[in-house]
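Enquirer: I need the structure of the sequence given here:
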Amino acid sequence: MNDIKRAQLRVITLTRLAQASDTSLPYLSKVVSGKHKASRAKAELLARCANQLSTKKIFDPNDFNDELNPNLKHVCDDVVFLLKNISCHCAEVLTALEISKRFNDIDLIVCLSNLVDGERYQTWGPYLIELHDEESTGW
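Expert: Here you go, the predicted model:
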C-alpha cells in the first residue's frame, strides 16, 4: 500500500473500516501494517468497504495482501469496454470508471483486467464483455 492510500485510510479511520467490513480492529491494524496478509475474500471485502467509505476510489485487494494476483488491481478508468447483455440482446459502451460506479463488483474488475491483459472476451452475469474499438459491434 502506498503513502497516498495510507493517508486516505487515516481520513476514513481504521475504526470505521473495521466496522464496515466486520473485521476486528487489531486484525485490521496488523493487515494494514503488513504484519499479516488478509485472505483473498477478506482483502476484497476490505477494498470494497474502503472504497465505499472514501471519496477516492483507490483501494484494491492487493493493498491488504500484496501476494494476491495482480489482476485484482484497478483497470485504468478511461479504458472503454463493450458490454453485451445476452438476456436482452442489447449492448452499450462504457468506460471502466462508469462500469465500476454502476456495478461496484470486484469480480467484474478482475474480468476487465483480464481483457486489458489480452483476453478476447469475458463473461460476468448476463454480460459478454470485450474491449471496445471502432470495429466492435453490438448485436
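Enquirer: I'd like to know how far residue 93 sits from residue 116.
Expert: 16 Å (C-beta to C-beta, to the nearest Å). For every residue, glycine as well, the C-beta is placed using N, CA and C.
Enquirer: domains in the protein, by residue range?
Expert: 3-67, 80-131 (automatic domain parsing).
Enquirer: could you dump those into JSON lines and include mean neighbour count?
Expert: As requested, these are exported to JSON lines (neighbours: other C-beta atoms under 10 Å):
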{"stretch": "domain 3-67", "mean neighbour count": "16"}
{"stretch": "domain 80-131", "mean neighbour count": "16"}
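Enquirer: mean pLDDT added to those, as a markdown table?
Expert: Converted to a markdown table, the domains of the chain look like this (pLDDT from 0 to 100):
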| stretch | mean pLDDT |
| --- | --- |
| domain 3-67 | 90 |
| domain 80-131 | 88 |
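Enquirer: give me the phi and psi for residue 67.
Expert: Dihedral pair for residue 67: phi -100, psi 0, per degrees, to the nearest 10.
Enquirer: check which element follows the lengthiest helix in the chain along the chain.
Expert: The single longest helix within the chain, with elements called by DSSP state H, is helix 40-53. The element immediately downstream of helix 40-53 (helix or strand, assigned by DSSP states H and E) is strand 80-85.
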